[in-house]
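Colleague: Fold the stuff below for me.
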Amino acid sequence: MNIIENNKKLPDTKTYQNQYRVFGDKAIIFTTKASNGTYNFRMWIPEEQLYYRKSLRTKLLSDALTLGEQEVISLLTKLRNGHKISGSSWEELCKLFLEKKQKDVQTGRITEGRLITIRSQILKHIIPYIGHNIRVNELDRFKFQDYGNYRRDRDAPAQDVTIRNEYTTINSIIKFGFSKGYLPFDRAETEQIQIKGEISRRDSFTLEEYRVLYTALRKWVKDAELDQDKYDRQLLRDFILLKANTFMRFGEIRSVKWSMCSTISQHKENETEQFLRFDLPDTICKNRRSRTVISRGSKYLNRVKEYSAHTKPTDWIFCNLDGSQFSKKKFYQLWKDAIEYANLGFDQTGKRFSFYSLRHFGITCRLYAQVPIYEVSKLAGTSVTNIENHYSHLDISKLLDSASKSFKVDKDGIIVIRGE
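Modeller: Sure, this is the predicted structure:
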């Protein structure tokens, strides 16, 4: 007996025609008027109290029966392994994953800044690539193989290092979905991205470019017409000067409160110099490890204290006029305006400066001053290996002096700005 004779044909109904039972009575294949002769598959899932339906994409009865039996075996295997058949939409799964990440922030496993990055990746790129309403049971491990090209073919093409980071997020979502029974596979097949040559470095300031920036900031602040604009620009100016000296990460310095900051006096002959000490708790550090940062720049912090109305220990150092934390979006908007005002945009320099450029610049200055890499790594909150990998191109034997008339880097690698 052939496969057709082994499966019982059922009477046609107003809705279903050419109905056959498959795998005993586990499921049914059928056609409808709308399917134009193409066979569909239907199986009742008692564990989830619903019908699972799928087009078999064939008009041949023998092929439909074979595919139907294979589908039954696949579904029974998934159920036996604890996987859900109906599944959620891709968007729903991603949002469940974000809820888990939010809990990870609350328990200290990741930082709020990391969550913001993950959320941006998912909402802006990962969900739209698959589609909001695509069911997870329609996915397979090869669905993301073209994701890289999708990200490169945009108005603002993504770099390979960005795509590789997003692949990490994608596989985290899939691993999460697998653990919850939504997906039958625990990893996506993605392209292998190898960054050619040296490790990709984001653009950094030269000493001259940094001089141009802080000089322009003086006039940029004075040019503000409204009190709100003047306050915002003053705050960004001091944020930049402190960030370059402390080379804290953006999320770290933005989250610093007055209680985390103190001063240290150092006596040298007939003068006393004030240093800043920032005690960063693990809750705001990217690597979840607390650390202490020592730097010059006490006058910048004192300047903030003069024009800010919120200087209690529990207040943010970088806050709005109402005391709320200065938003990331607002920082980026002001940064863009300041860079354009200083004529340091891509068209003028060929560089895309970011807040990270200040961290990179500060670390570079310490290394040029021959501060031991181990000490730099402790101040920066990163590994010695990471410092070596990213800064091995520097000629530590000499310090660029193109802007030495305006400022210098002292023996401790701290930026000293004359007249600022």
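Colleague: For my notes, confirm residue 294 occurs in a strand.
Modeller: Yes: assignment of residue 294 by DSSP: H, G, I helix; E, B strand; the rest coil places it within a strand.
Colleague: how near is it to residue 243?
Modeller: Using Cβ to Cβ, to the nearest Å, residue 294 is found at 15 Å from residue 243. For glycine as for every other residue, the C-beta is placed from the backbone atoms N, C-alpha and C.
Colleague: Check residue 299 too.
Modeller: Residue 299 is 15 Å from residue 243, by Cβ to Cβ.
Colleague: between the two, which one's more packed in?
Modeller: residue 243 (23 against 13; other Cβ atoms under 10 Å).
Colleague: Need the three-state assignment for that one.
Modeller: Assignment for residue 243 (three-state DSSP): helix.
Colleague: ok, it touching residue 253?
Modeller: Yes: the pair residue 243 and residue 253 qualifies as a contact (Cβ atoms under 8 Å) at a distance of 5.5 Å.
Colleague: what's the helix or strand for residue 273?
Modeller: Per DSSP states H and E: residue 273 is located in strand 271-280.
Colleague: Which elements pack onto that strand?
Modeller: helix 227-246, strand 261-268, strand 291-295, helix 298-307 (3 or more Cβ pairs under 8 Å, 6 or more residues apart in numbering; DSSP states H and E).
Colleague: and if we set it to 10 Å?
Modeller: helix 227-246, helix 250-254, strand 261-268, strand 291-295, helix 298-307 (3 or more Cβ pairs under 10 Å, 6 or more residues apart in numbering; DSSP states H and E).
Colleague: among these, where is the model least confident on average?
Modeller: Mean pLDDT per stretch puts strand 261-268 lowest among the helices and strands packed on strand 271-280, at a mean of 82.
Colleague: what distance separates it from the centre of its chain?
Modeller: 37 Å (Cα atoms, centre = their mean, to the nearest Å).
Colleague: For residue 125, see how far away the one residue sitting closest to the centre of the chain is.
Modeller: Centroid-nearest residue in the chain, with Cα atoms, centre = their mean: residue 117, separated by 2.8 Å. Distance of residue 117 to residue 125, computed by Cβ to Cβ: 12 Å.
Colleague: what residues do those two have in common as contacts?
Modeller: Residues touching both residue 117 and residue 125 by Cβ atoms under 10 Å, 6 or more residues apart in numbering: residue 169.
Colleague: quick one on the thing from earlier: and the residue nearest to the centre of the chain, what helix or strand is that in?
Modeller: With DSSP H and E as criterion, residue 117 is part of helix 112-121.
Colleague: Average pLDDT for that helix, rounded please.
Modeller: Averaging pLDDT along helix 112-121 gives 88.
Colleague: Give the buried residues for the strand holding residue 273.
Modeller: Buried positions in strand 271-280, judged by neighbour count with 16 or more other Cβ atoms under 10 Å: 275, 276, 278, 280.
Colleague: List the contacts of the second one.
Modeller: For residue 276, the set of contacting residues under the criterion of Cβ under 10 Å, 6+ apart consists of 242, 245-246, 261-264, 293-302.
Colleague: repeat that with 7 Å
Modeller: Taking Cβ atoms under 7 Å, 6 or more residues apart in numbering, we find residue 276 in contact with 261, 263, 295, 297, 298, 301.
Colleague: And the last one, how close does it get to residue 320?
Modeller: This points to residue 301. 18 Å.
Colleague: Sketch out the strands for the protein, chain order is fine.
Modeller: Using DSSP state E, the strands of the chain run over residues 9-10, 17-22, 27-31, 40-45, 50-55, 261-268, 271-280, 291-295, 407-409, 415-417.
Colleague: where in this structure is pLDDT low?
Modeller: For the chain, residues meeting the criterion pLDDT under 70 lie at 1-7, 84-87, 194-202, 268, 391-420.
Colleague: okay, now the domains of it?
Modeller: 9-80, 90-179, 207-417 (automatic domain parsing).
Colleague: okay, the ones you listed in TSV with distance to residue 191 next?
Modeller: Conversion of those to TSV gives the following (distance: least, Cβ to Cβ, whole Å):
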stretch	distance to residue 191
domain 9-80	27
domain 90-179	5
domain 207-417	23
